[in-house]
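# sequence first, predicted coordinates after that:
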Amino acid sequence: MTKLLKTLSGILLVLVLFVFACQDKNKETIIKGKATLFVDESIFPIVEDQQAVFETEYDAKLKLITKSENEIINSLMNDTVKIAVLPRKLSNNELKAFVAKKINPKMTHFATDAVVFIRNKKSNDTLIALDDVINFMKGNSVNGIKGLVFDNPNSSSVRLISELSGIKITPQKNIYSFNTNNEVIKYVAENDGMIGVVGINWLTQAPLDMQNNVDAVSVLSVKDINKQDYIYPSQDNLAQGKYPLARDLYIINCQGYSGLGMGFASFLGGERGQRIVLKSGLLPVRIPSRKIVIRK
């Protein structure tokens, strides 16, 4: 009987050790494991680039799912997803809702990008005034604008233009919306006179199958309301705060523990992540250092 008990105890101990070993193997850390991130569709290319390098360097798998801004906020609130990348901070009301659920979101600013207006290259006009865009949205006729094309009614681009203009943007005569930035670029490339509203990231890092469409459109310099100068969305102008439709990009981590949300946020804000941002054409939060080798 005693021998049997010792045998059973030994088997039980082996099983317990096996279970703990499996749990430890699958345990998520800041550089190991699997995680799902919801990404604002207008800034997907830069996040995809960061993901590729992060997964190469670490034993981590990040599943990126593109959503509109409103969908991502709702998913964070409903606890459907714990990590997200958005072109804005959480608002005070949104933060209060998280605090009420005893969740303290960590927000890491890692880049600045821009919402841009695009036009078919058949037109030689590369300038646009926000006053003209607003007048067109009010139903007035504006030379050079046959229609406005947005990516998605719930997108961050629509929200930004709506906030600047004070006008709620809904599909109506000569104002259209699709589902993605690529669809907007394609439509403008094929239709002269249309003005598209997209995230610049889709133009600076265009997928290969979209390059012909990107080459067929021009990014417009923008004149802000009550201003005189037209400003192009270059890295320099973003850095100097001149471009009126700039926006800061954040990774928002609601995991509440030391997981891949923390690890990926640290990577984005670190030297390697900031170099990827700089190379993409967007503006990094910190300009990466350069080593200068002096040879005799």
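Structure received. The structure presented is a predicted model; accordingly, all values stated were derived computationally and were not measured.
# quick one: classify residue 262 as helix, strand or coil.
Following DSSP: H, G, I helix; E, B strand; the rest coil, we place residue 262 in the helix state.
# what does the pLDDT read for it?
As predicted, residue 262 sits at a pLDDT of 97.
# list phi and psi for the closest residue to it other than its chain neighbours.
Closest residue in space to residue 262, ignoring its immediate chain neighbours: residue 30 at 5.0 Å, by Cβ to Cβ, 6 or more residues apart in numbering. Any C-beta I mention is one placed from the backbone N, CA and C, and that applies to glycine too. With angles defined as degrees, to the nearest 10, residue 30 sits at phi -70, psi -20.
# so what's the residue most central in space within the chain up against?
Centroid-nearest residue in the chain, with Cα atoms, centre = their mean: residue 43, separated by 3.2 Å. Applying Cβ atoms under 8 Å, 6 or more residues apart in numbering to residue 43 gives the contacts 85, 87, 113, 199, 201, 249.
# compute the distance between it and residue 282, please.
9 Å (Cβ to Cβ, to the nearest Å).
# give me the common contacts of the two.
In contact with both residue 43 and residue 282: 113, 201, 249, using Cβ under 8 Å, 6+ apart.
# list just the nearest of those to residue 58.
Sorting these by distance to residue 58 puts residue 249 at the head of the list, at 21.3 Å, by Cβ to Cβ.
# assess the claim that the closest one and residue 109 are in contact.
Yes: using Cβ atoms under 8 Å, residue 249 makes contact with residue 109 at a distance of 7.2 Å.
# so for these two, which sits in the more crowded spot?
residue 249 (25 against 14; other Cβ atoms under 10 Å).
# helix or strand for that one, which one?
Counting by DSSP states H and E, the element that carries residue 249 is strand 246-253.
# and that strand, which strands flank it?
strand 83-86 (antiparallel), strand 106-120 (antiparallel) (DSSP bridges).
# in CSV: the shared contacts of residue 43 and residue 282, plus pLDDT and distance to residue 190.
Putting these into CSV (pLDDT from 0 to 100; distance: Cβ to Cβ, whole Å) gives the following:
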residue, pLDDT, distance to residue 190
113, 96, 25
201, 95, 21
249, 98, 30
